[in-house]
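Participant: I need the structure of the sequence given here:
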Amino acid sequence: MNDGTITLPWLVIRQDDNGNRYRVGRYATRAEAQKIADSLDDRGHKQLYWVERIGQNGSR
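Facilitator: The predicted structure is shown next:
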């Protein structure tokens, strides 16, 4: 990408006890996103965290 924009294609998603999903953050690499998801998951709450990649057209 040469237009000077920063691409953050990796999302960390949180799902709460009621099944509601929230975007926690966007990251440049899968490793960075996974590190955040793991650190949040290690806190011991009942929420579920995972990593997803945004598609080329901005969709998940």
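
Participant: show the contacting residues for Asp38.
Facilitator: Taking Cβ atoms under 8 Å, 6 or more residues apart in numbering as the contact definition, Asp38 lies against Tyr49. The way it works is simple: take the backbone N, C-alpha and C, and place the C-beta from them, glycine included.

Participant: how close does it sit to Trp50?
Facilitator: Separation of Asp38 from Trp50 (Cβ to Cβ, to the nearest Å): 10 Å.

Participant: and Tyr22, by the same measure?
Facilitator: 12 Å.

Participant: show me which of the two is the more surrounded one.
Facilitator: For Tyr22 and Trp50, the more surrounded residue by other Cβ atoms under 10 Å is Trp50, and the numbers stand at 14 against 10.

Participant: so that one touches Leu40, yeah?
Facilitator: No - contact criterion Cβ atoms under 8 Å: Trp50 and Leu40 do not qualify, at 10.4 Å.

Participant: for the closest residue to Asp16 other than its chain neighbours, what are its contacts?
Facilitator: Take Asp16 and drop its neighbours on the chain: the residue closest to it by Cβ to Cβ, 6 or more residues apart in numbering is Gln47, 5.4 Å away. Residues near Gln47 by Cβ under 8 Å, 6+ apart: 14-17, 40.
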